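# One predicted model, sequence on top.
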Amino acid sequence: MFIATLLTNPAQPCLDRATVENLRNPWGGGEAQWLATGEAAEFTLAAKPDNLWQVWEDLQSLKIDLIAQPSENRRKKMLLADMDSTMIQEECIDELADVAGVGDHVKAITARAMNGELDFEGALTERVGLLRDLDASVIQTVIDTRIHFMPGGKALLATMKANGSYAALVSGGFTAFTGYVAGSLGFDENRANTLLIDNGKLTGDVGHPILGRQAKVEALNEITARLGLSPDDVMAVGDGANDLGMLGLAGAGVALHAKPSVAAECDVRINHGDLTALLYLQGYAKDEFEPRV
């Protein structure tokens, strides 16, 4: 048995009953259930439709995301999340580089690395090198003035944790930022790279070993083993090429507003919804979201 979920951007809800029924009827789906009026609905399917991706493409033009997933074990016991452009809207290294006056150059490298065009470790080392001698106080300035949480993140963490899930933030970014994001949103732990500082200035180097694609896979395996869970109990979310390993291993790997090459390798693609989409995918209705208003 499968569940088909249709969802939109909660800030601009555009899902109507006709669209849901026009899809459910030819697919022979079960009765539609509304998880949030205008935002998200779901229905059961006996099998995954052969024309799923054709329909998905058609719905994209209407700003509607469509996901078909097995109905078994939908509610996950662990969330494993990337940070940059996933839990927050920015790429932290790009913001630091902008302050350092090398923003455009670093942003170009970041985009290529996240799309899988460059080796992640080499690209990170090159970008960090361009930050050499930047005053370390800029890190806090960036946190205070340039970092914005992705919509839906607080509800995602609060709801999953209220239902007994564990949450880990694993980033190819930096601990100076993951500590802030994890503490603000309620993650149980965070892992990232360390920007090296000497005499109050960035040295232009990063601590080794560098946390990249394989380290995220290892984090998933280590944490689930410690908690007595399996990868199938995990919902992972990310947007870049270095997330593909953990997205492929997790029971539900969500490509959130992902780079094209990343989305192409994932069955669960959220291009229009926000982080509450991860709750709808697990069958949570909006009136079950935490914190309760």
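Yes, it's here. On a predicted model such as this, the values are computed, not experimentally measured, just so you know.
# I'd guessed residue 70 sits against residue 2; true?
Yes - here residue 70 reaches residue 2: they are 6.0 Å apart, a contact under CB atoms under 8 Å. Glycine gets a C-beta too; all of them are placed from N, C-alpha and C.
# So which of the two has more stuff around it?
The residue with more neighbours, out of residue 70 and residue 2, is residue 2; 19 against 13, by other CB atoms under 10 Å.
# Report the contact partners of that one.
44, 45, 46, 47, 48, 68, 69, 70, 71 (CB atoms under 8 Å, 6 or more residues apart in numbering).
# Please report how far the closest residue to the fourth one other than its chain neighbours lies from residue 212.
Going back to what we said before, that points to residue 47. In space, and not counting its chain neighbours, residue 47 is closest to residue 2: 6.6 Å by CB to CB, 6 or more residues apart in numbering. Noted for residue 2: a distance of 33 Å to residue 212, by CB to CB, to the nearest Å.
# and if you look at residue 267?
Counting by CB to CB, the gap from residue 267 to residue 212 is 23 Å.
# Could you pick out the longest strand of the protein?
Among the segments of the chain that qualify as a strand by DSSP state E, the longest is strand 166-174.
# List the buried residues for whichever helix or strand comes after that one?
Using DSSP states H and E, the next helix or strand after strand 166-174 towards the C-terminus is helix 175-185. Judged by neighbour count using 16 or more other CB atoms under 10 Å, the buried positions of helix 175-185 are 175, 176, 177, 178, 180, 181, 182, 184, 185.
# picking that back up, which one of the contacts of residue 2 is nearest residue 230?
Nearest to residue 230, judged by CB to CB, of the contacts of residue 2 is residue 70 at 14.5 Å.
# can you give me the strands for the chain?
Ranges of strands within the chain are 2-7, 33-36, 40-45, 65-70, 78-81, 166-174, 189-193, 195-198, 201-206, 234-238, 252-256, 268-270, based on DSSP E.
# In TSV: the ones you listed, plus mean pLDDT.
Formatted as TSV, the strands of the chain follow (pLDDT from 0 to 100):
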stretch	mean pLDDT
strand 2-7	98
strand 33-36	98
strand 40-45	98
strand 65-70	97
strand 78-81	98
strand 166-174	96
strand 189-193	97
strand 195-198	97
strand 201-206	96
strand 234-238	98
strand 252-256	98
strand 268-270	97
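# ok, back up a step: let's see the longest strand of the chain as PDB, backbone CA atoms only.
Provided in PDB are the C-alpha atoms of strand 166-174 (Å, rounded to 0.1, in the frame of the first residue of the first chain):
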ATOM      1  CA  TYR A 166      15.500  12.100  18.000                       C
ATOM      2  CA  ALA A 167      16.900  15.000  16.000                       C
ATOM      3  CA  ALA A 168      20.500  15.400  14.700                       C
ATOM      4  CA  LEU A 169      21.900  18.300  12.700                       C
ATOM      5  CA  VAL A 170      24.800  17.200  10.500                       C
ATOM      6  CA  SER A 171      26.400  19.800   8.300                       C
ATOM      7  CA  GLY A 172      29.400  20.300   6.000                       C
ATOM      8  CA  GLY A 173      29.300  23.800   7.400                       C
ATOM      9  CA  PHE A 174      30.800  24.900  10.700                       C
END
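# Excluding its own residues, what touches the longest helix seen in the chain? List them.
When the chain is parsed with DSSP state H, its longest helix is helix 213-227. For helix 213-227, the external contacting residues (CB under 8 Å, 6+ apart) are 77-78, 80, 82, 120, 166, 168, 170, 172, 189, 191, 209, 229-231, 233-234, 236, 238, 241-246, 249-250.
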